[in-house]
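Student: when you get a sec, could you give me coordinates for this:
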Amino acid sequence: MSSAAENNQTPRHDEQAPPGSVIVGVQGSDRDALVIGYATAEAQRLGTGVHLVRVAEVETSTLNPEAPIPMSWLAELGERLDTQLDKAVDFARRTGIPVSAALVGGSPTRELLAAATDAACIVVGSARSTGRERSYAGTSALSIVAHAHCPVVVVMPHADYASGIIVGVDGSKHSAAALDYALDAARRRGTSLTVMSTWYLEVVDGVVATTPGSEAYQEVEARYQRLVDKMLEPRRAAYQDVEVRVDIRRGPAAATLVEAAAAAELLVLGSRGRGGLAGTLLGSVTRKVLESATCPVALLHA
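Tutor: Predicted structure coming up:
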């Protein structure tokens with residue numbers, strides 16, 4: 001084996017993530033620019049740097065299972081992934097913020113979580129195709145969100161975001177955490193925040209409230225308005241500089257939130273639980289939002 005091939009076995013990028021960094025999952029796809037663009041902008045707002053992580057998942061289905069993996073094949077793979085990461089690093093450095101990077105082998109979920117031990121947030125791209133989640137970061141995004149100890153932002157394949165942030169709340173601890181994150185995000189961006197609560201089937205005095213303007217309908221809306229007001233009240237003084245609106249809507253939660261956030265720059269949701277299987281820990285609203293949202297979605301735990 002040539003000395004060049006031997007050198008290729010050692011990744012050029014093997015840095016540790018500096019504390020407080022924005023961790024970015026690099027896929028080596030045409031969507032990397034969108035994800036890195038979001039991450040570097042967020043890092044600038046936070047006054048920190050980005051740490052790019054390219055995970056090598058070795059696909060061995062094309063290799064002879066009874067033969068050892070050729071070292072030359074591994075060297076070529078390492079060189080190709082290093083080159084992809086070189087391009088990503090160069091792109092990120094154009095912003096002038098600190099950039100570090102690492103090429104690691106393993107599963108995207110495990111390696112990104114390991115890099116994010118002391119991170120500001122994790123930013124990954126959606127690998128969704130035709131409205132359905134798949135591969136990294138589709139099913140992996142779900143697992144990352146379920147296990148992360150910091151906010152996770154999933155950037156969707158839709159580059160034209162308007163303005164304003166929307167946060168979905170329901171009075172729970174994880175939605176309170178989402179509200180705090182959304183208020184901070186709105187302040188950093190100098191944009192407005194819409195606090196949204198949704199309802200669908202509610203019964204008042206034995207009657208399902210379905211008719212807008214009816215007494216039962218108005219009672220349900222007033223109840224949700226009080227819920228949002230109760231969450232906002234202890235936070236108003238600290239965020240007087242943030243324009244906050246309240247939006248109470250009737251409809252299926254996920255579809256209603258996605259529709260409302262179609263022109264937003266960010267949708268923020270709380271997500272329950274940590275550990276175990278992502279599919280059982282993440283609520284159906286979270287999963288459905290990730291399957292159909294067209295703007296970046298930030299998810300976090302209480």
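
Student: any idea how far residue 155 is from residue 260?
Tutor: Distance of residue 155 to residue 260, given as Cβ to Cβ, to the nearest Å: 19 Å. Bear in mind the C-beta positions are built from the backbone N, C-alpha and C, glycine included.

Student: which one of these two has more residues nearby?
Tutor: residue 155 (26 against 19; other Cβ atoms under 10 Å).

Student: show the contacting residues for that one.
Tutor: 31, 34, 35, 38, 123, 124, 125, 126, 296 (Cβ atoms under 8 Å, 6 or more residues apart in numbering).

Student: for the chain, which residue occupies the most central location?
Tutor: Centroid-nearest residue in the chain: residue 153, 1.8 Å away (criterion: Cα atoms, centre = their mean).

Student: tell me what it is bridged to.
Tutor: Residues in a beta bridge with residue 153, per DSSP bridges, are residue 123, residue 298.

Student: element containing the closest residue to residue 85 other than its chain neighbours?
Tutor: In space, residue 85 comes closest to residue 54 once its chain neighbours are excluded; the distance is 4.5 Å by Cβ to Cβ, 6 or more residues apart in numbering. Residue 54 belongs to strand 50-56 when assigned by DSSP states H and E.

Student: residue 286 and residue 179, how far apart?
Tutor: Applying Cβ to Cβ to residue 286 and residue 179 gives a distance of 16 Å.

Student: helices of the stretch 51-200 of the chain, residue ranges please.
Tutor: Per DSSP state H, counting those that start in this stretch, the stretch 51-200 of the chain carries helices over the ranges 71-93, 108-115, 139-147, 173-189.

Student: looking at those helices, which is closest to residue 211?
Tutor: Counting by Cβ to Cβ, residue 211 lies closest to helix 173-189 out of those; the figure is 27.8 Å.

Student: could you dump the contacts of residue 155 into TSV and include neighbour count and distance to residue 186?
Tutor: TSV is the format used below for the contacts of residue 155 (neighbours: other Cβ atoms under 10 Å; distance: Cβ to Cβ, whole Å):
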residue	neighbour count	distance to residue 186
31	18	26
34	18	22
35	27	22
38	22	16
123	28	18
124	27	22
125	28	23
126	24	23
296	25	14
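
Student: of those residues, which belong to strands?
Tutor: Of the positions in the contacts of residue 155, 123, 124, 125 sit in strands, assigned by DSSP state E.

Student: show me the contacts for the last one.
Tutor: Translated: residue 125. Residue 125 makes contact with 25, 27, 29, 31, 32, 34, 35, 137, 154, 155, 157 under the criterion Cβ under 8 Å, 6+ apart.
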